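Visitor: okay, sequence plus prediction incoming.
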Amino acid sequence: MVDFRPQSGHKMLIVERLVRNVARDGIRLVGEVPRGHGELVDQVRRALTSVVLNTSEGLNRQAGDRRNLLGVARGSASEAAAGLGLMAALGLVDGAPVAELEGKLDQVRAMLDRLAQR
């Protein structure tokens with residue numbers, strides 16, 4: 001099990017906590033996909049990981065670097081949502097948790113848009 005709790009003394013923004021939770025839940029969900037779909041599973045895992053890492057790095061950068069990294073994180077959130085939606089459409093995972101994750105990824109994208117403007 002992955003533990004995404006912040007290290008002591010680290011103040012985490014709401015978006016950081018949200019992306020970590022979404023990644024944890026999404027990675028757990030794609031772990032249920034039957035064999036034979038490894039490329040899709042890997043792609044979604046990479047996208048979810050990218051959201052977390054680029055969000056974290058972007059929040060600790062300035063100006064253009066910040067906008068770029070948060071933009072990459074936003075794109076990865078879209079990619080993860082599309083991959084999860086495809087998995088649900090193909091019947092590889094249950095659609096209910098996918099719909100919940102897609103909603104949270106929509107929130108993430110909106111938050112990243114706002115943060116990139118700062």
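Guide: Received it, and whenever you're ready, just let me know what you need.
Visitor: which neighbouring elements make contact with the longest helix seen in the chain?
Guide: Ordering each helix of the chain by length in residues (DSSP state H) puts helix 63-89 first. Helix 63-89 is packed against helix 14-30, helix 38-59, helix 95-116, with contacts defined by 3 or more CB pairs under 8 Å, 6 or more residues apart in numbering; DSSP states H and E. Quick note: C-beta positions are derived from backbone N, CA and C, even for glycine.
Visitor: so where's this structure uncertain?
Guide: For the chain, applying pLDDT under 70 flags the ranges 1-12.
Visitor: residue closest to the middle of this structure?
Guide: The chain has Leu48 as the residue nearest its centroid, 3.8 Å off, counting by CA atoms, centre = their mean.
Visitor: relative to Gly91, how far out is the residue nearest to that one when sequence neighbours are not counted?
Guide: Nearest residue to Leu48 in three dimensions, chain neighbours excluded: Ala23, at 4.2 Å (CB to CB, 6 or more residues apart in numbering). Using CB to CB, to the nearest Å, Ala23 is found at 23 Å from Gly91.
Visitor: follow-up on the earlier one: mind listing what the residue nearest to Leu48 touches?
Guide: Phe4, Leu48, Thr49, Val51, Val52 (CB atoms under 8 Å, 6 or more residues apart in numbering).
Visitor: run a quick neighbour tally on the last one.
Guide: What it means is Val52. For Val52, the count of nearby residues is 19 (other CB atoms under 10 Å).
Visitor: now it: how far from Asp113?
Guide: Distance from Val52 to Asp113, counting by CB to CB: 17 Å.
Visitor: one more: the third one?
Guide: Applying CB to CB, one obtains 21 Å for the distance of Thr49 from Asp113.
Visitor: compare these two (neighbour count), which wins?
Guide: Thr49 (15 against 12).
Visitor: list the contacts of that one.
Guide: By CB under 8 Å, 6+ apart, the contact list for Thr49 reads Ala23, Ile27.
Visitor: ok, it to Val98 distance?
Guide: According to CB to CB, Thr49 stands 18 Å off from Val98.
Visitor: circling back: dump the helices and strands packed on helix 63-89 to JSON lines, plus distance to Ser76.
Guide: Below are the helices and strands packed on helix 63-89 laid out as JSON lines (distance: least, CB to CB, whole Å):
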{"stretch": "helix 14-30", "distance to Ser76": "10"}
{"stretch": "helix 38-59", "distance to Ser76": "4"}
{"stretch": "helix 95-116", "distance to Ser76": "10"}
